[in-house]
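J.: test case, fold it:
(one chain, ligands or ions: 2)
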Amino acid sequence: MKVFKFGGASVNSADAVRNMAQIVQKHLESTPLVVVVSAMGKTTNLLEKLVPGSSDITSTKELRQQLEEYHREIASSLMPENKEVQHKIDTLLSNLDHLCTSLPTDVEHLNYCYDQVVCHGELLSTTIIAEYLNTLGINTLWTDARQLIKTDNHYREGRVDWNATEKEIKNLEPSIKNSYSIVLTQGFIGGTTDGQTTTLGREGSDYSAAILAHCLDAESVTIWKDVPGFLNADPKFFHDTVKISQIPYNEAIELAYYGASVIH
Ligand code: ASP
Ligand code: MG
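T.: Ligands and ions are numbered 1, 2, ... in the order given. I've put the predicted structure just below:
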């Protein structure tokens, strides 16, 4: 079993999703695959501004519109004929709208509200991508990570309940091994035992992939990025970066410590 993770930049447009699907397709033969996906592009940043009681005063109406158009356009570019996916997007957006008007706005509930709202980025991305992979003929099981990654109720930084998580994830094994070509789930989000949504902290999807890999005793975790590998500097800021083909763990940790988000 292998775990793949695709971050926001790897699924930020219809073309990026097509590229991701090609990567998945190429690896289908070798071993069962579990695929973890983040919210598309900068969706989490946008959703943060829609959280009731958040201090940001940017026009929420405009942002809500932007969120909808962005996801609908990607979905219709990938699957012009597919009404079912637009219907699923409707359902998720109505749920989001309902939360945005009904959640409490006081400071004490801010972290709780944050998690109930921002999880929609990953729910939208994985819903669209699962539909697309199935359209391509890749037999994909969409799974709700909130039922798999069980956490305590520290909203915005849920701490993993390892026993409960391992039990839930192990239940997935027959589907992964026998029935489906891939199991697709959300990074970043988890759930409490009483059914509330939690998140694992910003940029938490790599962690989700690692949790799944650990509990499934996977042979590897691959964090697919929009760079060719480990570089000696951030290519967003430097043109002449050099790829590092091997690096000892302690130096990798040092890189992470000094801010290389590639290995959060
Ligand atoms: N979507 C979340 C974030 O932007 C999680 C992740 O991308 O890892 O922080
Ligand atoms: Mg990310």
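J.: tell me the contacts of Pro228?
T.: By Cβ atoms under 8 Å, 6 or more residues apart in numbering, Pro228 lies in contact with Lys243. Glycine gets a C-beta too; all of them are placed from N, C-alpha and C.
J.: ok, it to Lys88 distance?
T.: Distance, Pro228 to Lys88, by Cβ to Cβ, to the nearest Å: 34 Å.
J.: now do Glu131
T.: Here the criterion is Cβ to Cβ. By it, Glu131 lies 7 Å from Lys88.
J.: quick one: the helices in the stretch 151-264 of the chain?
T.: With helices called from DSSP state H, counting those that start in this stretch, the stretch 151-264 of the chain shows them at 162-170, 173-174, 205-216, 249-257.
J.: so which of these is nearest ligand 1?
T.: For those, the distance to ligand 1 is smallest for helix 205-216, at 3.2 Å, taking Cβ to the nearest ligand atom.
J.: what average pLDDT does the closest one get?
T.: Averaging pLDDT along helix 205-216 gives 96.
J.: now check it, is it near ligand 2?
T.: No. Residues of helix 205-216 contacting ligand 2 under Cβ under 5 Å from the ion: none, with a closest distance of 6.0 Å.
J.: any idea of the angle that helix forms with helix 162-170?
T.: Helix 205-216 and helix 162-170 are oriented at 80 degrees to each other (axes from the mean of the first three to the mean of the last three Cα atoms, to 10 degrees).
J.: helices or strands next to helix 205-216 in the packing?
T.: On a contact count with 3 or more Cβ pairs under 8 Å, 6 or more residues apart in numbering; DSSP states H and E, helix 205-216 meets strand 2-6, strand 33-37, helix 162-170, strand 182-186, strand 220-224.
J.: looking at the helices of the stretch 151-264 of the chain, which is buried most?
T.: Highest mean neighbour count of the helices of the stretch 151-264 of the chain: helix 205-216, a mean of 22 (counted as mean count of other Cβ atoms under 10 Å).
J.: state the number of residues packed around Glu122.
T.: For Glu122, the count of nearby residues is 30 (other Cβ atoms under 10 Å).
J.: anything in stretch 201-209 near ligand 1?
T.: Yes. Using Cβ under 6 Å from any ligand atom, we find that stretch 201-209 touches ligand 1 at Arg202, Glu203, Gly204, Ser205.
J.: what's the closest non-adjacent residue to the last one?
T.: The shortest distance from Ser205 to any residue other than its chain neighbours is 2.4 Å, reached at Gly187 (Cβ to Cβ, 6 or more residues apart in numbering).
J.: local confidence estimate at the one you found?
T.: Model confidence at Gly187 (pLDDT) stands at 98.
J.: ditto for Asp106
T.: 89.
J.: hang on, it packs against Pro52?
T.: No. Counting by Cβ atoms under 8 Å, Pro52 is not a contact partner of Asp106; they are 9.4 Å apart.
J.: just give me the residue right at the centre of this structure.
T.: By Cα atoms, centre = their mean, the chain has its centre lying nearest to Ser38, at 2.2 Å.
J.: close enough to count as contact, that residue and Phe188?
T.: Yes. The pair Ser38 / Phe188 is scored as a contact, 6.3 Å apart, by Cβ under 8 Å.
J.: find residues that contact each of these two.
T.: In contact with both Ser38 and Phe188: Thr44, Glu122, Ser205, using Cβ under 8 Å, 6+ apart.
J.: please list all residues in contact with the last one.
T.: Spelled out, it's Ser205. Counting by Cβ under 8 Å, 6+ apart, Ser205 has contacts Lys5, Gly7, Val36, Val37, Ser38, Glu122, Gln186, Gly187, Phe188.
J.: might you report the residue contacts of the fifth one?
T.: Counting by Cβ under 8 Å, 6+ apart, Ser38 touches 5-8, 11, 44, 121-122, 125, 186-188, 205.
J.: separation between it and Thr101?
T.: From Ser38 across to Thr101, the span is 26 Å (Cβ to Cβ).
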